[in-house]
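Peer 1: here is the input, now give the coordinates:
(chains A and B, ligands or ions: 1)
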Amino acid sequence: MALLEFTDKGIYCPPAKVHIDPWRPVERALITHGHADHASWGHRAYLCTKSAKPVIRYRLGDINIESVEYGEPKTINGVKFSFHPAGHIIGSAQIRVEYKGEVWVASGDYKLEDDGISEAFEPIKCHTFITESTFGLPVYQWKPQESVIQEINDWWANNKATGKVSVLTAYSLGKAQRLLHSVNHEIGPIYTHGAIENTNRIIRKQGIKLPPTRKTTGNISPGAYQGALIIAPPTALNAAWIQKFKPLSIGVASGWMALRNIRRKRTADKGFVFSDHADWQGLNDAITATGADRVIVTHGYTKAFTKWLRQERGLDAIEAHTEFEGESLERKEDKEDNS
Amino acid sequence: MKLFVQLFHRLDQSTNVNQKREALVWYFSEASDIDRLWTIGLLSNKRPKRIATIALLKEWATEITNIPVWLFEESQHVVGDLVETITLLLPMPKKENEESLSFWINYIKNLENLEEEQKKEKIIAAWQCLQPTERLLFNKLLVGGFRIGISQKLMVEALAQYTGIKGNLIAHRLTGSWIPDNITFEKLILTESPLENSSSPYPFHLASALEGGIQDLGAVSEWSAERKWDGIRGQIIVRQDELFVWSRGEELLTDKLPEYHPLADLLPNGTVIDGAILPFKNGQPLNYNELHTRLGRKNITKKAMDKTPIIFMAYDLLEWQGEDIRLRPFRERRHLLQQMLSTYPTQGILVLSEDIPFDDWGQLVEERALSRKYRSQGLMLKRWNSSYSSGRQRGDWWKWKADALTINAVMIYAQRGNEGGTNLYSNFTMGVWDGDLLMPFTKVSGLTEKEASEISAWVSRNTRERFGPVRSVEPVHVFEIAFDGIRSSSRHKSGVVLRSPRIIRWCKDQSAREANTLNDLKAFLELY
Ligand SMILES: [Zn+2]
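Peer 2: Take a look at the predicted model:
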């Protein structure tokens, strides 16, 4: 019997009788982070990191939730669990599972670069590593954050100079705060869409410093937005909402912007290749750092990445079959967590 | 190359002509003379020669990245474009480079006579210092595949706006066999060329759509009537032994119409004729789409000319024997036009658009009903005493199009439109019943924004499958589609192709089963 197995409800640990990131209601759920395809509603008990808890509680409402510090061991039915930084968003974790000398790590979503706001990724030694593969093809290579932020600052400053409002789309949990934290807020005022401002409020309350932002509301005069940066979730970009900011330039910050065909499909003026997931090199480095000889691949280009690990890297790699498998690129693009 | 990359992104990300024009004007004002010149060259299909094949680039890229073939193919499947796949697989550059577009074009040109090994070395060296988009453009130039969707017309407009020089002069200056190597921006764009003033067309006199009743036009004897031909309105100019052909869009089309070239010798100098550039074979006009396809070709082959011969359907004479006669009455100009055509035979290049004799308006109503039999769009009514003035002089010239044809069809695919920063579904593929199946036959748009948001919400909930940006949906919604013409076409699965299809009504009261059939649609072919 494997220490962790993939069931129709999510990743299950039989000796401990708990699930990791389950998508159907279970008794006890260990949650890697607050994104909707990892933290779903309806479980009897939740466990996550201290810094992930406020957002998960805000999103899921009145749930029975407990939290631990990073690295703090928690033994459940004789199985030792601990949470370790995944570098994906604030509070995100890889979950280490140890039982009778065998160690597994379920990565959740992760990135290797320290973005300055999320707890930085820490490689954890293990025998079996469950990895995501959202960007598991060699065409995905990220530039350092600093260089992308420079592009964003230049775009914003240039829009300001030409009298345009800069509307930048980013997911409301994670990407939005990372951007707020990194852009040069001296260029102009920053406004946020309501969905993002609500998340910001929770994040600020847990003691994380973000630059001052204002919510875009009906009673702000359109002129006030001149030269401003507005951060909004991609779903907010409907005709009516955007109308009041004209003239404007729309930017999209997402890893998918690396591909011209996806960039052109978006009705944006500018695409920034900016992801909260590991790129190809990052995935490979993370796997190397775990020292694992067995790798289970989920979420993304599972088939190709598994083949790569088996054939070219000589690892014992297999594909996990999850509910998210078989979805088109575009569908994932629409989803909150996969950018 | 940074500036050019910015231009590329702005052009590539936009579907809006004004934004594209604005981006070009911005670029022209920022770039150096030599980069400006090269950009004009690239946008005019004056690219450097191909240096390497895509296969060779692929070989070198997989060699330096150690990517197995299967993984390359897996990546290409996701990326789509082969050159882009190569570009994205290469390692990120270690350093930035500040070299200009023309630097890199010269770099590429200098590779031309090198041995393959040396080429490889130089190309790999370039890859190591070019950013991803720079590298994409560099690679596209290497393989001779650089293309960007900008019409000559749009570039001319942008240059006119940037320089303050009139568009038709710029268009003239850009013709001919110049290459960026043997000219300067100053000489090409800013310097008057000897014939350019003699090449200028007159501003086109435009007709308005007839809205009221035909009887309201008054006395029958004051009006002429001719068919409205489905071609491109144009002016033919012969001055100083040279021929110039202009479209109404102020595009200089002379080079694209070799069949007109003998006119330079056949017609006397100082002649300007207004008419329609018309695809014409076996005594009747061909489909407008064929004209469009032929003019879109970069090289006009003999085969293309045989397949789609083009004549000029002459409507009016504007300049005769060097004299501007636009203010003379139309009746007199027509008389001179007919005289000219009989004095100077043109071997069928010029054809007179015959006027339709009529004694009462009722006769014209009947003639209009025959429009499709003549493969025309309808009728043109011109006042016999009207002058040829610039722009749209309301009241003197009317276009009286044949009634549109309509059919009720079912929406089967939806695609997001790109208008105005919205993300609504606004382009639809429509089908008609062929037995129990829906046969797709046209793409349409034309919903109001309110309807588009309503249908978009519905599409999101009722998607069957996705094919890239296109979604197939449950066949539920019926739209009434209007179109101006229909032709049979072996290239389309439905066997027909429509002219100017558009949505005129969302038939919410009708079920999909009640929509029209393929046979109903094909019955319209009988009108021709
Ligand atoms: Zn996530």
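Peer 1: quick one: the helices in the stretch 51-200 of chain A, in order.
Peer 2: Ranges of helices in the stretch 51-200 of chain A, per DSSP state H, counting those that start in this stretch, are A:53-60, A:145-161, A:175-182, A:194-205.
Peer 1: okay, now residue B:269: neighbour count?
Peer 2: The number of residues packed around residue B:269, counting by other C-beta atoms under 10 Å in any protein chain shown, is 14. Quick note: C-beta positions are derived from backbone N, CA and C, even for glycine.
Peer 1: brain fart, residue B:507
Peer 2: 16.
Peer 1: equivalent analysis for residue B:436, please.
Peer 2: 5.
Peer 1: return the distance of it relative to residue B:463.
Peer 2: 22 Å (C-beta to C-beta, to the nearest Å).
Peer 1: out of the helices of the stretch 51-200 of chain A, nearest to chain B?
Peer 2: helix A:145-161 (9.0 Å; C-beta to the nearest C-beta).
Peer 1: helices of the stretch 401-528 of chain B, start to end?
Peer 2: So, for the stretch 401-528 of chain B - with DSSP H, counting those that start in this stretch - the helices run B:449-461, B:518-523.
Peer 1: anything in the first one near chain A?
Peer 2: Yes: in this structure, helix B:449-461 sits against chain A according to C-beta under 8 Å from any C-beta of the partner chain; the contacting residues are B:449, B:453.
Peer 1: what helices or strands is that helix leaning on?
Peer 2: strand B:405-416, strand B:425-434, strand B:470-473 (3 or more C-beta pairs under 8 Å, 6 or more residues apart in numbering or on different chains; DSSP states H and E).
Peer 1: redo that, cut-off 10 Å
Peer 2: The contact analysis (3 or more C-beta pairs under 10 Å, 6 or more residues apart in numbering or on different chains; DSSP states H and E) places helix B:449-461 against helix A:239-243, strand B:405-416, strand B:425-434, strand B:470-473, strand B:502-506.
Peer 1: pull out the buried positions in that helix.
Peer 2: B:451, B:452, B:453, B:455, B:456, B:458, B:459 (16 or more other C-beta atoms under 10 Å in any protein chain shown).
Peer 1: in this structure the second one contacts residue B:415, no?
Peer 2: No: taking contacts as C-beta atoms under 10 Å, residue B:452 lies outside contact range of residue B:415: 11.8 Å.
Peer 1: overlap of the contact sets of the two?
Peer 2: B:425, B:426, B:427, B:445, B:459 (C-beta atoms under 10 Å, 6 or more residues apart in numbering or on different chains).
Peer 1: thinking again about what came up before, what is the nearest of the buried residues of helix B:449-461 to residue B:210?
Peer 2: residue B:451 (28.7 Å; C-beta to C-beta).
Peer 1: how about low-confidence regions in the stretch 151-300 of chain B?
Peer 2: Filtered on pLDDT under 70, the stretch 151-300 of chain B yields the residue ranges B:176.
Peer 1: list the contacts of whatever residue of it ends up closest to the ion.
Peer 2: For the stretch 151-300 of chain B and the ion, the shortest gap (C-beta to the ion) falls at residue B:154, measuring 42.3 Å. Counting by C-beta under 10 Å, 6+ apart, residue B:154 touches B:11, B:17, B:18, B:20, B:21, B:24, B:43.
Peer 1: going through these, which ones are buried?
Peer 2: Applying 16+ other C-beta under 10 Å to the contacts of residue B:154 flags B:11, B:20, B:21, B:24, B:43 as buried.
Peer 1: double-check that the second one belongs to a helix.
Peer 2: Meaning residue B:20. Yes: assessed by DSSP: H, G, I helix; E, B strand; the rest coil, residue B:20 belongs to a helix.
Peer 1: picking up where we left off before, for the helices of the stretch 401-528 of chain B, which has the smallest mean pLDDT value?
Peer 2: Note on these: lowest mean pLDDT is at helix B:449-461, with a mean of 86.
Peer 1: for that one, list the C-alpha coordinates in PDB.
Peer 2: Written as PDB, here are the backbone C-alpha positions of helix B:449-461 (Å, rounded to 0.1, in the frame of the first residue of the first chain):
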ATOM      1  CA  GLU B 449     -23.600  44.800 -27.300                       C
ATOM      2  CA  LYS B 450     -26.500  44.000 -25.100                       C
ATOM      3  CA  GLU B 451     -27.400  40.900 -27.100                       C
ATOM      4  CA  ALA B 452     -23.700  39.900 -27.300                       C
ATOM      5  CA  SER B 453     -23.400  39.900 -23.500                       C
ATOM      6  CA  GLU B 454     -26.600  37.900 -23.200                       C
ATOM      7  CA  ILE B 455     -25.400  35.300 -25.700                       C
ATOM      8  CA  SER B 456     -21.900  35.300 -24.200                       C
ATOM      9  CA  ALA B 457     -23.300  34.200 -20.800                       C
ATOM     10  CA  TRP B 458     -25.200  31.500 -22.600                       C
ATOM     11  CA  VAL B 459     -22.200  30.300 -24.600                       C
ATOM     12  CA  SER B 460     -20.200  30.000 -21.400                       C
ATOM     13  CA  ARG B 461     -22.800  27.700 -20.000                       C
END
